[in-house]
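Asker: quick one, what's the 3D model for this:
(one chain, ligands or ions: 1)
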Amino acid sequence: MSESTPFKSLAELGEFGLIDRIKRQVLQSPDVVCGIGDDCAAVTLPEDKLLLTSKDLLIEDVHFRRCWTDMYSLGRKSAAVNLSDIAAMGGTPHHFYLGVGLPTDLAGIELDNFCRGFLDEALAAQTTLCGGDTCRSNHSLLISVTVQGSVSATQMIRRDGAQEGEALYVSGTLGDSALALALLKKGETPSDYLSQRHHRPTPRLALGRALAEQGLASSMIDISDGLLADLGHILKKSSLGAHIDQQQIPLSPEVRAHLQQHPEDETTILRGGEDYELLFSAPPRRGDDLDQLSSQLNLPLTRIGTLLPAEKRLNIVQLNGSEHQVCAEGFNHFKS
Ligand SMILES: [Mg+2]
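Answerer: Numbers count the residues shown, from 1 in each chain. So this is what the prediction gives:
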């Protein structure tokens with residue numbers, strides 16, 4: 001990160017001053033032929049691979065609140081949620097493009113912290129910022145991120161490859177981020193662990209790539225909108241139904257303790273989003289390989305259910321043992 005002197009406001013720095021300031025902080029990468037500062041970026045990509053592209057919008061007061069997060073974490077999260085989409089295809093990320101609409105009340109130090117977080121997350125994934133755009137916003141902070149990566153055509157993992165009879169797995173634990181958000185909304189302060197899980201999600205890049213390279217997963221998605229909604233996407237694309245055992249859903253000790261006190265928050269866990277864990281299907285005979293991968297990566301991989309014919313829809317065995325059919329919905333941006 002640059003040792004450049006702090007600045008007070010955007011008005012003082014100007015758009016080109018800001019771009020220069022960001023450019024000085026970006027590390028050179030041999031695959032970037034022409035980076036920040038021309039009309040387009042020009043990059044080389046690995047031969048015989050498909051180009052993966054994903055874009056995410058983060059809008060203040062829709063996706064985040066500035067009073068709930070520090071700007072460094074927001075920078076890291078803006079990059080991480082995009083990286084998570086590359087992970088969900090089994091790919092390797094390479095290049096970022098960042099667009100920001102900046103409200104005039106944003107202090108120079110806040111913008112610097114945001115950029116530092118964004119570039120640290122990009123660097124941790126061995127990726128580079130290659131371009132973008134900046135503009136003044138008359139209202140809230142707006143962040144638009146595009147990431148590009150690559151994957152071998154024979155290894156790419158899509159949402160539509162799941163087969164009947166296969167097992168459903170998730171990585172890590174679910175519900176931590178949703179619980180943190182629920183507490184913030186109630187005016188309470190989440191623990192450090194829950195805050196970290198909400199504000200600094202970890203893209204599961206090593207897992208996604210290993211599943212692709214070893215041919216272990218037949219379909220995959222990252223859990224951004226919630227377990228049920230994202231499972232719903234796999235079921236719809238693969239024309240299947242599923243059976244999920246709620247007892248098997250991996251929960252952190254914090255979420256488990258919270259649910260003991262507040263069993264009514266169970267739906268928060270099932271429908272809450274932003275875990276950025278990977279949900280994937282795999283043939284049951286690959287269970288041992290998945291156990292081995294789980295210990296290699298030091299990341300729990302938990303079997304939570306089985307894929308069924310489409311007419312079985314989505315069945316959930318609840319904690320009390322009763323089974324019921326649910327609608328696979330989580331967070332829908334266009335529903336209130
Ligand atoms: Mg996704």
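Asker: so residue 53 makes contact with residue 150?
Answerer: No. Here residue 53 does not reach residue 150: they are 10.3 Å apart, not a contact under CB atoms under 8 Å. To be clear about C-beta, it is placed using only N, CA and C from the backbone, and glycine gets the same treatment.
Asker: give me the more crowded residue out of the two.
Answerer: Each of residue 53 and residue 150 has its neighbours counted (other CB atoms under 10 Å); residue 150 has more, 20 against 13.
Asker: was I right to think that one contacts residue 51?
Answerer: Yes. Applying CB under 8 Å, one finds residue 150 in contact with residue 51, separated by 6.1 Å.
Asker: which residues do those two both contact?
Answerer: The overlap between the contact sets of residue 150 and residue 51 (CB atoms under 8 Å, 6 or more residues apart in numbering) consists of residue 45.
Asker: for residue 157, see how far away residue 90 is.
Answerer: Computed as CB to CB, to the nearest Å, the residue 90 to residue 157 distance reads 4 Å.
Asker: what do those two both touch?
Answerer: By CB under 8 Å, 6+ apart, the residues touching both residue 90 and residue 157 are 208, 211, 212, 217, 220.
Asker: could I get those residues as JSON lines with distance to residue 17, neighbour count and secondary structure?
Answerer: Converted to JSON lines, the shared contacts of residue 90 and residue 157 look like this (distance: CB to CB, whole Å; neighbours: other CB atoms under 10 Å; DSSP: H, G, I helix; E, B strand; the rest coil):
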{"residue": "208", "distance to residue 17": "38", "neighbour count": "28", "secondary structure": "helix"}
{"residue": "211", "distance to residue 17": "44", "neighbour count": "29", "secondary structure": "helix"}
{"residue": "212", "distance to residue 17": "42", "neighbour count": "22", "secondary structure": "helix"}
{"residue": "217", "distance to residue 17": "46", "neighbour count": "26", "secondary structure": "coil"}
{"residue": "220", "distance to residue 17": "42", "neighbour count": "28", "secondary structure": "strand"}
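Asker: of these, which are in range of the ion?
Answerer: Among these, no residue lies close to the ion (CB under 5 Å from the ion).
Asker: pipe those residues into CSV and attach distance to residue 36 per row.
Answerer: What follows is the shared contacts of residue 90 and residue 157, written out as CSV (distance: CB to CB, whole Å):
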residue, distance to residue 36
208, 28
211, 33
212, 30
217, 36
220, 32
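Asker: run a quick check on residue 213 versus residue 156, I expect a contact.
Answerer: No. With contact defined as CB under 8 Å, residue 213 does not reach residue 156; the gap is 11.3 Å.
Asker: so how far is stretch 92-102 off the chain centroid?
Answerer: 14 Å (CA atoms, centre = their mean, to the nearest Å).
Asker: quick check: mean pLDDT across it?
Answerer: Average pLDDT, stretch 92-102: 96.
Asker: now do the SS call for the closest residue to residue 199 other than its chain neighbours.
Answerer: Computed as CB to CB, 6 or more residues apart in numbering, the closest residue to residue 199 that is not its neighbour in sequence is residue 73, at 4.1 Å. Secondary structure assignment for residue 73 (DSSP: H, G, I helix; E, B strand; the rest coil): helix.
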